[in-house]
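Q: Make a model of this:
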Amino acid sequence: MTDFTLHDQNSAPEKSKPLLENSQKAFGMIPGLHAVMADAPTVLDGYQKLHELVLNTSFDNDETTVVWQTINVEHACHYCVPAHTGIAKSMKVSDDIINALRDETPLPSDKLEALRTFTLAVVRKRGEVNSEDLNAFYEAGYERSHVLEVILVLSQKVMSNYINHIAETPVDEPFQKFAWKKVK
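A: Reported below is the predicted structural model:
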């Protein structure tokens with residue numbers, strides 16, 4: 001077990017207190033990830049800004065979920081997969097999409113599958129995708145701007161996935177019913 005503190009408004013560094021207040025307003029609670037990040041106010045601030053930017057990409061809710069969960073599953077994040085399952089449900093993403101992502105089974109549309117495939121290529125190849133990866137992505141209907149947006153989402157997920165691994169962040173109570181463990 002690691003010794004990272006799950007901060008609240010009383011224990012957080014002064015610069016993190018307004019950021020935790022933002023989390024409370026946005027989520028109706030302080031997510032455990034944010035409570036851990038509060039130890040370093042710039043990290044929590046950066047994460048919150050990335051989250052806002054991700055929500056403002058050109059991806060729709062299904063596509064955003066595909067990119068988030070593809071990365072979470074690939075990184076085997078015990079915290080983010082359940083959390084993003086709950087978030088996806090609140091975003092009205094279908095259970096077919098949610099379950100296919102969690103179980104690593106085919107998605108219900110070729111376009112979403114192309115998005116998952118490209119996202120995995122970016123993660124696994126550390127950005128060194130080839131022309132075949134790009135052409136398949138473009139042929140599915142995506143553009144260069146989407147390539148860049150996948151990288152934006154990956155930036156956010158690297159922060160959360162890695163911090164959750166190191167801090168062993170406990171899954172928040174509302175998301176415990178979506179507990180997940182990588183099968184493969």
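Q: what sits against the most centrally placed residue in the chain?
A: Centroid-nearest residue in the chain: residue 68, 4.0 Å away (criterion: CA atoms, centre = their mean). Counting by CB atoms under 8 Å, 6 or more residues apart in numbering, residue 68 touches 54, 80, 84, 87, 153, 157. No exception for glycine: its C-beta is placed from N, CA and C like everyone else's.
Q: what about the fourth one, helix or strand, and which?
A: So the one you mean is residue 87. helix 80-90 (DSSP states H and E).
Q: one step back: Three-state assignment for the residue nearest to the centre of the chain, please.
A: helix (DSSP: H, G, I helix; E, B strand; the rest coil).
Q: do you know how far it is from residue 148?
A: Between residue 68 and residue 148 the computed distance is 16 Å (CB to CB, to the nearest Å).
Q: Secondary structure element holding the residue lying closest to residue 140 once chain neighbours are set aside?
A: Leaving out its chain neighbours, the residue that sits closest to residue 140 by CB to CB, 6 or more residues apart in numbering is residue 114, at 3.3 Å. Assigned by DSSP H and E, residue 114 belongs to helix 110-124.
Q: just the CA coordinates of that helix, formatted as PDB?
A: This file holds the C-alpha atoms of helix 110-124, laid out as PDB (Å, rounded to 0.1, in the frame of the first residue of the first chain):
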ATOM      1  CA  ASP A 110     -16.800   0.100 -37.800                       C
ATOM      2  CA  LYS A 111     -16.100   3.800 -37.300                       C
ATOM      3  CA  LEU A 112     -15.800   3.400 -33.500                       C
ATOM      4  CA  GLU A 113     -13.700   0.300 -34.000                       C
ATOM      5  CA  ALA A 114     -11.300   2.300 -36.200                       C
ATOM      6  CA  LEU A 115     -11.100   4.900 -33.400                       C
ATOM      7  CA  ARG A 116     -10.200   2.300 -30.900                       C
ATOM      8  CA  THR A 117      -7.700   0.700 -33.300                       C
ATOM      9  CA  PHE A 118      -6.000   4.000 -34.000                       C
ATOM     10  CA  THR A 119      -6.000   5.000 -30.300                       C
ATOM     11  CA  LEU A 120      -4.300   1.600 -29.400                       C
ATOM     12  CA  ALA A 121      -1.700   2.200 -32.200                       C
ATOM     13  CA  VAL A 122      -0.900   5.600 -30.700                       C
ATOM     14  CA  VAL A 123      -0.500   4.100 -27.200                       C
ATOM     15  CA  ARG A 124       1.400   1.000 -28.100                       C
END
